[in-house]
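**Q** Mind folding the following:
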Amino acid sequence: MDELIGLLAAKAGIDRAVAEKTIGIILNFLRNEGPSQQVQALIDGIPGAEAAIATSRAGSGISRLMGGGLMAVGTRLMGLGLGITDIQAIARELFRFGRDKIGADQMSAIVAGTPGLSQLA
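**A** Numbering: from 1, shown residues only. Have a look, this model is predicted:
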């Protein structure tokens, strides 16, 4: 997880704590909305991902009020101070990292199988 946090913080120019929260929020979204087998492989390939997901769930009531989905994730990420350009850059780096961990085919299946995700990939 430290490797991914450092990568995202450097590439997006954000604080490490924000990068960690962002990873947790995105992985939690993928777990809820994406193809379960491929998403679980991604989560299993990132040591510390489960802890980041658990942390991201704290205070996620706004997501439930908004009905969840990609819009709620965007709202939560913007609440961390990220703009849409930041979110896209972070998502692309996370997906690139994911391809290295689980392969391009499985990562493509996650992007294709998660509603709205292709907008960020």
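**Q** quick one: which helix or strand includes Ile5?
**A** helix 2-12 (DSSP states H and E).
**Q** Now do the buried residues in the helix or strand that that helix is followed by.
**A** Using DSSP H and E, the next helix or strand after helix 2-12 towards the C-terminus is helix 16-33. Using 16 or more other C-beta atoms under 10 Å as the test for burial, helix 16-33 gives 18-31, 33. Where C-beta positions appear, they are placed from N, C-alpha and C, glycine not excepted.
**Q** check contacts around Gly74.
**A** Remark: with contacts taken as C-beta atoms under 8 Å, 6 or more residues apart in numbering, Gly74 is in contact with 84, 87.
**Q** ok so, going back, quick check: buried residues in the helix holding Ile5?
**A** 4-5, 7-9, 12.
**Q** By pLDDT, rank the residues you listed and give me the bottom one.
**A** Among the buried residues of helix 2-12, Ala12 has the lowest pLDDT, at 86.
**Q** is it true that it touches Asp86?
**A** Yes: between Ala12 and Asp86 there is a contact under C-beta atoms under 8 Å: 5.5 Å.
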